[in-house]
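Novice: sequence plus predicted model, see below.
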Amino acid sequence: MATREEWSMSDFEIGKYIGEGKFGKVYLAREKQSGYVVALKVIFKPKLEKYRFHPHLRREIEIQRDLDHPNVLRLFAWFHDEEKVVLVLEYAARGELYKVLRAAGRFDERTAATYVASLAGALAYCHKKGIIHRDIKPENLLLDLEGRLKIADFGWAARSNAKRHTLCGTIDYLAPEMVEKKAHDHAVDNWTLGILCYEYLIVTVDWAFPSTPRVSSEAKDLISKLLVKDSSKRLCLEDIMKHPWIQKNAEPSGSCIKHKDVTRAKVIDK
Ligand code: N15
């Protein structure tokens, strides 16, 4: 997609509805000139005013616009008119990671290590830019066409109560210091990484057939070094990336699908 000063709705062909964000609906769309497929998030202004969200949204947009990392979902542009604010976001063709996890039951160690390494890299990048606690949870993680993990943050967490179960509840991923409303820093994100790592490998074992999955001692070692109550003793992101389990298992490319699985980006049906 080209860089330009002003965008408007007429620059896009709107495709199917793909999801509900916290403040708006998300649609598949194609930029007419380049044919580039994106996700458009449409937020109607009355909703924003009701929640006094305008200055907050603007600040979040500026933060997000500044982030450029292969594992952080891109915000390409945004525009607004009388009635709505529209965010032009990267389209993640493989959708939500928690659904992939739910379908698979658990991930093999190569896959889990690749996701944890991708997350650690993205978080290290955000921390360096002074952005902490990105509210990482399965609902906020998307996969692109190559199966690369993308943190898609900010308000992409609205899910119905009926669908919610303990694993995807919000508080489950919070570090103890946040639950206890204590002062906290970037180490809160590292706790969450430990929880996700545990969940990717262990928790989602089929309830009807509770056979303990075999997990390597290196994976257990990493989890135990992240799920440490004392935040100052938690493994830092650099050490996560250097950890033997990551070194042994993670794909350096960040993509861990088998090549034959790659399907072409689906072009929007008119
Ligand atoms: C600046 C800040 C306040 C807002 C910027 N960030 C967001 O709005 C975060 N956000 C990302 N909100 C919604 C999304 C989002 C982007 C949601 C879904 C998708 C997305 N890109 N691609 C998808 C997507 N692809 C899918 C494929 C299959 C099934 C569902 C899919 N969702």
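Specialist: Cool, got the structure.

Novice: give me the neighbour count for Lys242.
Specialist: Number of residues near Lys242 (other C-beta atoms under 10 Å) recorded here: 11. Glycine gets a C-beta too; all of them are placed from N, C-alpha and C.

Novice: and if you look at Ser232?
Specialist: 7.

Novice: pretty sure it is touching Ala187, no?
Specialist: Yes: counting by C-beta atoms under 8 Å, Ala187 is a contact partner of Ser232 at 7.2 Å.

Novice: could you pull out the strands for this protein?
Specialist: 12-20, 25-31, 37-44, 75-80, 84-90, 95-96, 141-143, 149-151 (DSSP state E).

Novice: kindly reformat the ones you listed as JSON lines containing mean pLDDT.
Specialist: Converted to JSON lines, those look like this (pLDDT from 0 to 100):
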{"stretch": "strand 12-20", "mean pLDDT": "94"}
{"stretch": "strand 25-31", "mean pLDDT": "96"}
{"stretch": "strand 37-44", "mean pLDDT": "93"}
{"stretch": "strand 75-80", "mean pLDDT": "92"}
{"stretch": "strand 84-90", "mean pLDDT": "93"}
{"stretch": "strand 95-96", "mean pLDDT": "92"}
{"stretch": "strand 141-143", "mean pLDDT": "94"}
{"stretch": "strand 149-151", "mean pLDDT": "94"}
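
Novice: quick one: the residue found closest to Leu28 once you drop the neighbours it is linked to in the chain from the ligand, how far?
Specialist: The shortest distance from Leu28 to any non-neighbouring residue, by C-beta to C-beta, 6 or more residues apart in numbering, is to Gly15 (3.7 Å). Distance of Gly15 to the ligand, computed by C-beta to the nearest ligand atom, to the nearest Å: 11 Å.

Novice: how about Lys25?
Specialist: Distance from Lys25 to the ligand, by C-beta to the nearest ligand atom: 9 Å.

Novice: what's the burial count for that residue?
Specialist: Other residues close to Lys25 by other C-beta under 10 Å number 14.

Novice: how about it, what does it touch?
Specialist: Tyr17, Gly19, Lys41, Val42 (C-beta atoms under 8 Å, 6 or more residues apart in numbering).

Novice: outline the domain layout of the protein.
Specialist: 9-90, 95-249 (automatic domain parsing).

Novice: follow-up on the earlier one: can you pick the most crowded of the contacts of Lys25?
Specialist: Result: Lys41 is most packed of the contacts of Lys25 (other C-beta under 10 Å), 25 neighbours.

Novice: would you agree that one is in contact with Leu28?
Specialist: No: contact criterion C-beta under 8 Å: Lys41 and Leu28 do not qualify, at 11.3 Å.

Novice: returning to what we had before: so which of the domains of the chain comes closest to Ile257?
Specialist: Among those, domain 95-249 comes nearest to Ile257, with 3.8 Å by C-beta to C-beta.
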